[in-house]
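A.B. asks: what's the 3D shape of this:
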Amino acid sequence: MKFAHFSHVWAKPDMTPHQRYEQLWRELQVCDDTGFDYAFCVEHHFRPDESLMSSPSLFCVGAGARTKRLRIGPMGYIVPLYHPLRLAEEIAIVDQMLGGRMELGLVPGITAPYFIPFEVDHGKRKSPTLEFVPYLKAAFGEQPFSFKGECHSTKSAKLAVLPMQKPYPEMWMQSRDPQTLEFCAEHGINTGYFIVFPRLEAAPRYRKYLADWQKAGHTRKPKIAYSLPVYVDETDEIAIEKALFRASRAYSGFLKEPEPGETFEQRLNAFADMFIARGEAGAAKIFLNIFDPDYILKNDLVFIGSPKTVAEKIHKAASEGLFNTFLGEFNFADLPEEDLMRSIRLFGEKVIPALKDFEPF
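C.D. replies: Model (predicted):
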């Protein structure tokens with residue numbers, strides 16, 4: 001298995017953005033020292049009460065300057081919000097600045113309000129994201145390059161910088177959409193999913209992805225990632241006392257900002273309705289219960305406990321949900337930094353060694 005520090009870079013009421021970024025670098029330095037494989041961030045916009053990460057490239061460069069061995073990347077760039085040529089240039093420069101340590105996540109973007117200020121049609125986000133893959137392969141090939149597609153077009157551009165990794169950094173596209181998974185398998189792109197997609201529903205889709213990957217003739221094994229909150233402490237009792245309620249508030253930022261007089265339940269139901277409209281009743285059920293501490297503990301939607309307990313929970317969930325890369329969200333709610341850093345260190349020193357030779361598929 002592989003292990004990542006995954007961060008939404010949640011805003012903290014008692015921290016300025018600068019202070020929050022400095023804390024983030026301290027987190028990643030501990031990860032770098034204790035055997036983590038990756039550090040990933042999101043790309044979110046226009047919610048100062050929620051996430052403070054609207055520029056994944058800056059995350060990558062900042063993290064790279066403070067670490068030595070972690071592989072670092074966005075999970076991922078919201079492709080439709082960028083000009084493809086500008087994004088290709090940026091990816092190449094980031095990989096060079098990281099000394100070839102970049103991992104490249106690409107996503108179409110699920111949150112419609114991000115698109116409005118950019119004047120981009122959220123309903124047409126999928127095609128430019130998928131077409132960016134062949135565009136990028138062309139951009140990082142023979143120079144100058146040209147590309148003519150349905151969404152992207154470039155005529156005779158010569159990049160000043162090409163990525164250090166040849167032909168390009170390893171790509172990821174988090175998705176549970178069957179057609180997108182077929183695309184990822186065909187093009188050798190790693191994938192993954194998030195806490196709201198039930199693991200038992202996920203497994204059949206990713207079995208097909210693995211079969212399609214094998215049919216495509218790729219020589220390496222793909223990576224399937226899974227993400228949720230994690231907290232490790234000396235005992236189960238201490239871990240639950242310190243982190244369970246906080247973990248039940250980890251994703252409160254996903255709810256839209258409240259309208260005057262709007263209740264928490266109304267905001268929660270509105271978000272769950274999005275999944276129902278997509279035909280994802282299982283995801284809606286999880287989200288409706290994601291703020292219930294007893295529910296998330298009972299259903300292993302948070303990995304909290306001693307190193308032994310957390311390792312056992314990950315082992316069971318990976319077998320059930322067919323993932324071989326765990327993206328742990330370590331910093332959530334108002335978890336004190338002393339506890340946060342102890343959790344990361346215990347995970348790196350005791351959980352990772354217990355699972356590193358485990359192969360779920």
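
A.B. asks: what residues go with each domain of the protein?
C.D. replies: What automatic domain parsing lists as the domains of the chain is 2-253+293-355, 254-289.

A.B. asks: Lowest average pLDDT across those domains?
C.D. replies: For those, the stretch scoring lowest in mean pLDDT is domain 254-289; its value is a mean of 87.

A.B. asks: Okay, buried residues for that one please.
C.D. replies: By 16 or more other CB atoms under 10 Å, the buried positions in domain 254-289 come out as 254-255, 267-268, 271-272, 275, 280, 282-289. Any C-beta I mention is one placed from the backbone N, CA and C, and that applies to glycine too.

A.B. asks: Tell me the one of those nearest Ser127?
C.D. replies: Glu280 (21.5 Å; CB to CB).

A.B. asks: Point out the most buried one among the domains of the chain.
C.D. replies: Greatest average neighbour count among the domains of the chain goes to domain 2-253+293-355 (a mean of 19), per mean count of other CB atoms under 10 Å.

A.B. asks: sorry, back to before: in JSON lines, list the domains of the chain along with distance to Phe361.
C.D. replies: Formatted as JSON lines, the domains of the chain follow (distance: least, CB to CB, whole Å):
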{"stretch": "domain 2-253+293-355", "distance to Phe361": "6"}
{"stretch": "domain 254-289", "distance to Phe361": "21"}
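
A.B. asks: for the stretch 151-300 of the chain, what spans make up the strands?
C.D. replies: Remark: strands assigned in the stretch 151-300 of the chain by DSSP state E, counting those that start in this stretch are 153-157, 171-172, 191-194, 224-232.

A.B. asks: Need the contact partners of the third one.
C.D. replies: What it means is strand 191-194. 172-176, 181, 184, 202, 206, 209, 222-228, 323, 325, 327 (CB atoms under 8 Å, 6 or more residues apart in numbering).

A.B. asks: So in that sheet, which strands flank that strand, and in what orientation?
C.D. replies: Paired neighbours of strand 191-194 in the sheet (DSSP bridges): strand 224-232 (parallel).

A.B. asks: Please give the centre-to-centre distance between the strand it pairs with and its chain.
C.D. replies: 10 Å (CA atoms, centre = their mean, to the nearest Å).

A.B. asks: now stretch 170-189
C.D. replies: That offset, for stretch 170-189, works out to 14 Å (CA atoms, centre = their mean).

A.B. asks: And for stretch 238-253?
C.D. replies: So, by CA atoms, centre = their mean, the centroid of stretch 238-253 is 19 Å from its chain's centroid.

A.B. asks: Could you list the residues in contact with that stretch?
C.D. replies: 8, 10-11, 47, 49-51, 195, 229, 231-233, 290-293, 296-297, 302, 304-306, 309, 329, 332-335, 339, 343.

A.B. asks: Ok, stretch 211-227 next?
C.D. replies: Counting by CB under 8 Å, 6+ apart, 2, 4, 6, 75, 172, 174, 181-182, 185-186, 188, 190-195, 199, 206, 209-210, 317-318, 321-329, 361 sit against stretch 211-227.

A.B. asks: sorry, back to before: and the strands of the stretch 151-300 of the chain: which comes nearest Ala63?
C.D. replies: strand 171-172 (16.3 Å).

A.B. asks: who does that closest one touch, helix- and strand-wise?
C.D. replies: If contacts are counted by 3 or more CB pairs under 8 Å, 6 or more residues apart in numbering; DSSP states H and E, strand 171-172 sits against strand 104-107.

A.B. asks: can I have the next helix or strand after the strand it packs on written out in CSV, keeping just the CAs?
C.D. replies: Following strand 104-107 in sequence order, the next helix or strand is helix 115-118 (DSSP states H and E). Coordinates of the C-alpha atoms in helix 115-118 are reproduced here as CSV (Å, rounded to 0.1, in the frame of the first residue of the first chain):
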residue,chain,number,x,y,z
PHE,A,115,-17.3,28.1,-12.1
ILE,A,116,-19.5,31.2,-12.1
PRO,A,117,-16.9,33.9,-11.4
PHE,A,118,-14.6,32.3,-14.0
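
A.B. asks: Tell me how far helix 115-118 lies from the chain's centre.
C.D. replies: That offset, for helix 115-118, works out to 22 Å (CA atoms, centre = their mean).

A.B. asks: Need the residues that contact that helix.
C.D. replies: 45-46, 80-81, 109, 121-122, 125.

A.B. asks: Tabulate those residues (JSON lines), appending secondary structure.
C.D. replies: JSON lines is the format used below for these (DSSP: H, G, I helix; E, B strand; the rest coil):
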{"residue": "His45", "secondary structure": "coil"}
{"residue": "Phe46", "secondary structure": "coil"}
{"residue": "Pro80", "secondary structure": "helix"}
{"residue": "Leu81", "secondary structure": "helix"}
{"residue": "Gly109", "secondary structure": "coil"}
{"residue": "Asp121", "secondary structure": "coil"}
{"residue": "His122", "secondary structure": "helix"}
{"residue": "Arg125", "secondary structure": "coil"}
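
A.B. asks: ok, now which ones touch Ala160?
C.D. replies: Per CB under 8 Å, 6+ apart, neighbours of Ala160: Glu89.

A.B. asks: coming back round to it: nearest to Gly100 among the contacts of helix 115-118?
C.D. replies: The closest of the contacts of helix 115-118 to Gly100 turns out to be Leu81 (CB to CB; 26.0 Å).

A.B. asks: Quick check: closest non-adjacent residue to that closest one.
C.D. replies: Phe118 (5.2 Å; CB to CB, 6 or more residues apart in numbering).

A.B. asks: do you know how far the one you found is from Leu28?
C.D. replies: Phe118 sits 29 Å away from Leu28, going by CB to CB, to the nearest Å.
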